[in-house]
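*Asks:* here's a sequence, model it:
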Amino acid sequence: MTSYAETYAAWKADPEAWWMEQARAIHWDSFPTRALDDTASPIYNWFGDGITNTCYNAVDRHAEGGRADQAALIWDSPVTGQKKTITYAELKDQCARLAGALKAQGVETGDRVIIYMPMVPEAVVAMLACARIGAIHSVVFGGFASAELATRIDDAKPKAIIAGSCGIEPSRTVAYKPLLDGAIDLAAHKPEFCIIFQREQLRADLIAGRDLDWDEVQEDVTPADCVPVRGDHPCYILYTSGTTGQPKGVVRATGGHLVALNWTMKAVYNVDPGEVFWAASDVGWVVGHSYICYAPLIHGNTSVVFEGKPVGTPDAGTFWRVIEEHGVKSFFTAPTAFRAVRREDPDATFLQNHDLSGLRAIYLAGERADPSTIEWLQDKTGKPVYDHWWQTETGFPMVANPVGIEPLPVKIGSPTVPMPGYDVRILGEDGQELPAGELGAIAVKLPLPPGTLPGLWNAEERFKSAYLNAFPGYYETGDAGRKDEDGYIWIMARTDDVINVAGHRLSTGLMEEVLATHPDVAECAVVGVADDLKGQLPMGFLTLTRGVNRDHAEICRECVQLVRDKIGPVAAFKLAVVVERLPKTRSGKTLRATMAKLADGDTVKVPATIDDPAILDELRERIADLGYPKT
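*Replies:* The predicted structure is shown next:
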């Protein structure tokens, strides 16, 4: 077996030849004649003249190649009490029928289809059915507000929308159809038709002449065959929040997407075809696209589709039950999910009821994995815990531990080393590379590898200004960190979260790392707030482990002293407050920029992705307890 160093060196010596070799693991109707087209640099195109189909690679070739009776999807829905297994043969039939229904309604290759669904297997079927006929899907998180959905409708201009009638939360049912109707009313662009998947928990009223029933529209249709498309044909558009308030439509090209994702399943996640893989996320996010829908199926794995929460559905043992019951070999979720589990069940008592002997490893990504959470997981499960780092824009890991090639020593706090395709550099403000150990902007030398974004939907100049202009010749990740002497990358914060205290550039992530070691702290966030004397000061927000009933002021004093002891007086950390919860997106990212704006007294637009807007009112009160905002 080759080593990581040999693999990375082979890629670096001849990137195009290396990627062409990986491309041979994918089915092509016509194999590409070249890997990279850089004639329009800095806009790059991988496998452009190859001909293939995403759905064929993810479904048909397995159904026809010996995996017909293997489970492709396992749906586990603790919020409804339902479970379902769909084989590759069944998935092929379902995708072909829905694709046939879309074709019968006039959807053609290149048309856009918005998908607005809960975590049900039909959401995956809808994505694959679009890919089957070369339609470009754009999944919008189910339950997104009408105004936010409307902006995506106007940008993508879909011919059709596929939606669920409702989503199920632990304490309520969310009606999707009124939100969809409101979005279509607000949008300048109107879809030609909508297909509504009716859930028994809450059926929707259909609008005659526009809305079609999921089951009825598939009756008596001719199942659609896979339509071969070019390697540079967009498979999907996925919107990520933009700083201007206008969402950015990240495009994913077909060929590179197939090649890169297939490679990661063994190299990063160390699973073989036929084994069960589970990414506990949502299809509305990039993790759901890459590692619930596409990568596991492309690789011939069984993928778990989970409709529930890490706690409360019904308890903090849900993850352990699903892993044991379905024989999960490799598990991937966000650090915030395990912080919630740890807060509810700090001694991991629920884990004692479950056998995790079949689980090889746990993977964390989505936001920075604090060392205390990793150490807790390692201690309680006895399993390797691997942090890794990537973005919506990249579609697959930039920095990871290449466990399927060669497990490298874990350095807690680092997602380990760059993957082939990524030449990661730490740059100063002048664009020059910084020496090992120094904090700077994390950038990737162009070209980006296949599977990453070739651009934004209908926004080439915005693509350049958002990612390429700051450091010519590089992709700007927006994250800050450092590289150590062994080549390990350390992600410390978003670039915006590196604060300047009296001329010292300090990482809020490092302060959070220290605060998380306090035995009573379940989760924390540190943001920079404006200060007339020092420019900025750090402000810490703490949530406490379940059952802690000590004086909050005393805990805050201990946390302030902890940062002073570990980082020093230079951090000027004096502002700390206990809160009930941190504001987060539905995918689990902490909304630090929003918290900083509240503390500075700036106008705050409630983020579209926030899971509970009411939490901002409590934050205002706690910030006021600290005497902020000053103006």
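*Asks:* hey, where'd the helices end up in the stretch 201-350 of the chain?
*Replies:* Assigned by DSSP state H, counting those that start in this stretch, the helices in the stretch 201-350 of the chain fall at 214-217, 254-267, 286-288, 295-298, 318-326, 335-344.
*Asks:* keeping just the C-alphas, turn the fifth one into PDB.
*Replies:* Spelled out, that is helix 318-326. In PDB, the C-alpha atoms belonging to helix 318-326 read as follows (Å, rounded to 0.1, in the frame of the first residue of the first chain):
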ATOM      1  CA  THR A 318     -30.100   8.300  19.200                       C
ATOM      2  CA  PHE A 319     -26.700   8.400  17.400                       C
ATOM      3  CA  TRP A 320     -25.500   5.200  19.300                       C
ATOM      4  CA  ARG A 321     -28.800   3.400  18.500                       C
ATOM      5  CA  VAL A 322     -28.600   4.100  14.700                       C
ATOM      6  CA  ILE A 323     -24.900   3.200  14.500                       C
ATOM      7  CA  GLU A 324     -25.600  -0.200  16.200                       C
ATOM      8  CA  GLU A 325     -28.900  -1.000  14.600                       C
ATOM      9  CA  HIS A 326     -27.800  -0.400  11.000                       C
END
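*Asks:* any buried residues in it, and which?
*Replies:* Buried residues in helix 318-326, counting neighbours by 16 or more other Cβ atoms under 10 Å, are found at 318-324, 326. Every residue, glycine included, has its C-beta placed from N, CA and C.
*Asks:* same deal with the third one?
*Replies:* Of the residues in helix 286-288, those scored as buried under the neighbour-count criterion (16+ other Cβ under 10 Å) are 286-288.
*Asks:* and the first one, by the same measure?
*Replies:* Within helix 214-217, the residues scored as buried using 16+ other Cβ under 10 Å are 214, 217.
*Asks:* mind listing what's buried along stretch 439-458?
*Replies:* 439-444, 446-457.
*Asks:* so for the longest helix anywhere in the chain, what's the average pLDDT?
*Replies:* In the chain, with assignment by DSSP state H, the single longest helix is helix 88-104. The average pLDDT within helix 88-104 is 98.
*Asks:* what sits up against it?
*Replies:* Under the criterion Cβ atoms under 8 Å, 6 or more residues apart in numbering, residues 55, 59-60, 62-63, 67-70, 72-73, 86, 113, 125-126, 128-130, 132-133, 135, 160, 195, 217-218, 221-225, 297 lie in contact with helix 88-104.
*Asks:* distance of A400 from A147?
*Replies:* A400 sits at a distance of 36 Å from A147 (criterion: Cβ to Cβ, to the nearest Å).
*Asks:* centre of the chain to stretch 606-626, how far?
*Replies:* With Cα atoms, centre = their mean, to the nearest Å as the basis, stretch 606-626 stands 23 Å off its chain's centre.
*Asks:* okay, how far is it across it, tip to tip?
*Replies:* End-to-end span of stretch 606-626 (Cα to Cα, to the nearest Å): 22 Å.
*Asks:* what do you get for stretch 43-51?
*Replies:* One end of stretch 43-51 sits 20 Å from the other (Cα to Cα).
*Asks:* and that stretch, how far out from the chain middle?
*Replies:* Relative to the centre of its chain, stretch 43-51 is centred 25 Å away, using Cα atoms, centre = their mean.
*Asks:* how about stretch 286-300?
*Replies:* Stretch 286-300 has its C-alpha centroid displaced from the chain centroid by 12 Å (Cα atoms, centre = their mean).
*Asks:* CA atoms of that stretch as PDB?
*Replies:* C-alpha atoms of stretch 286-300 as PDB (Å, rounded to 0.1, in the frame of the first residue of the first chain):
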ATOM      1  CA  VAL A 286     -23.300  20.400   1.100                       C
ATOM      2  CA  VAL A 287     -22.600  17.500   3.500                       C
ATOM      3  CA  GLY A 288     -26.000  16.100   2.500                       C
ATOM      4  CA  HIS A 289     -25.300  16.500  -1.200                       C
ATOM      5  CA  SER A 290     -21.800  15.000  -1.000                       C
ATOM      6  CA  TYR A 291     -22.100  12.400   1.700                       C
ATOM      7  CA  ILE A 292     -25.700  11.400   2.100                       C
ATOM      8  CA  CYS A 293     -26.800  11.400  -1.600                       C
ATOM      9  CA  TYR A 294     -23.800  11.200  -3.900                       C
ATOM     10  CA  ALA A 295     -20.500   9.900  -2.700                       C
ATOM     11  CA  PRO A 296     -21.800   6.700  -0.800                       C
ATOM     12  CA  LEU A 297     -23.900   5.700  -3.800                       C
ATOM     13  CA  ILE A 298     -21.300   6.400  -6.400                       C
ATOM     14  CA  HIS A 299     -18.900   4.200  -4.300                       C
ATOM     15  CA  GLY A 300     -21.500   1.400  -3.900                       C
END
